[in-house]
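S.K.: mind looking at a prediction? Sequence and model below.
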Amino acid sequence: MNPFTMLKEDHKKVKALFKEYQGLGDRPSKKKEKIVEQIFNDLEIHAKVEEDLFYPKVKECIEAKDKKLVAEAFEEHLIVKRLIDELKKLHVGDEVFEAKFKVLREGVMHHIEEEEEDLFPKAKKGLDGKSGPLGVHMEEEKEELQKHSAGGMISSLLGRN
């Protein structure tokens with residue numbers, strides 16, 4: 001699979017989940033909780049694949065002046081992961097949860113926009129048509145992480161205890 005297609009599909013899915021959550025109104029519900037769990041899981045897997053495989057490869061092949069885009073993407077991931085960790089300690093519907101979840105959504109949307117508009121074009125140019133093996137490797141890691149996340153093992157795979 002093309003890595004850019006895979007990442008854009010992930011982006012599209014998480015944007016749809018955020019939109020679905022917003023459409024459920026202000027009251028807490030089991031459906032909202034399920035959507036939140038899915039968003040967290042999808043973002044954690046997506047970030048792990050990008051950090052382990054995509055960003056290092058992109059950093060190798062883009063111009064020096066553009067490497068700051070990769071550094072910024074890593075920093076944005078750190079913020080998202082911190083917010084997810086904080087949100088996991090709260091309850092859907094709580095005032096603080098809703099405020100943090102909104103910040104998470106806005107941060108993720110900003111990150112997606114920057115990746116797709118700024119980083120991906122430079123990465124495509126740098127990879128110069130040699131992204132096939134990277135895409136395959138990314139897809140394999142994503143599938144492996146998804147298998148483990150179904151069994152509740154994702155936290156240990158992501159380096160959490």
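M.R.: Nice, I can see it.

S.K.: lowest-pLDDT helix or strand in the protein?
M.R.: helix 154-157 (a mean of 43; mean pLDDT, DSSP states H and E).

S.K.: just for the protein, where's the confidence low?
M.R.: Counting by pLDDT under 70, the ranges of the chain that qualify are 150-161.

S.K.: and the residue nearest the centre of it?
M.R.: The centroid of the chain falls nearest to L43 when counting by C-alpha atoms, centre = their mean (3.5 Å).

S.K.: which residues does that residue contact?
M.R.: 14, 80, 84, 108 (C-beta atoms under 8 Å, 6 or more residues apart in numbering). Bear in mind the C-beta positions are built from the backbone N, C-alpha and C, glycine included.

S.K.: repeat that for 10 Å
M.R.: Residues near L43 by C-beta atoms under 10 Å, 6 or more residues apart in numbering: 10, 14, 17, 77, 80-81, 83-84, 104, 108, 111.

S.K.: give me the element it is part of.
M.R.: L43 belongs to helix 30-49 when assigned by DSSP states H and E.

S.K.: could you do K122 as well?
M.R.: Counting by DSSP H and E, K122 is part of helix 120-127.

S.K.: show me what the next helix or strand after that helix is packed up against.
M.R.: Next helix or strand after helix 120-127 toward the C-terminus (DSSP H and E): helix 132-150. Under the contact definition 3 or more C-beta pairs under 10 Å, 6 or more residues apart in numbering; DSSP states H and E, helix 132-150 sits against helix 3-23, helix 30-49, helix 55-61, helix 120-127, helix 154-157.

S.K.: now helix 132-150: buried residues?
M.R.: 134-135, 137-139, 141-142, 145, 148-149 (16 or more other C-beta atoms under 10 Å).

S.K.: before we move on, what about stretch 121-129?
M.R.: Buried, per 16+ other C-beta under 10 Å, within stretch 121-129: 122-124, 126-127.

S.K.: cool, stretch 14-21 as well?
M.R.: Buried residues in stretch 14-21 (16+ other C-beta under 10 Å): 14, 17-18, 21.

S.K.: and of these, the nearest to G93?
M.R.: Y21 (11.5 Å; C-beta to C-beta).

S.K.: who touches stretch 75-85?
M.R.: 36, 39-41, 43-44, 46-48, 50-51, 55, 100-101, 103-105, 107-108, 110-112, 114-115, 158, 160.
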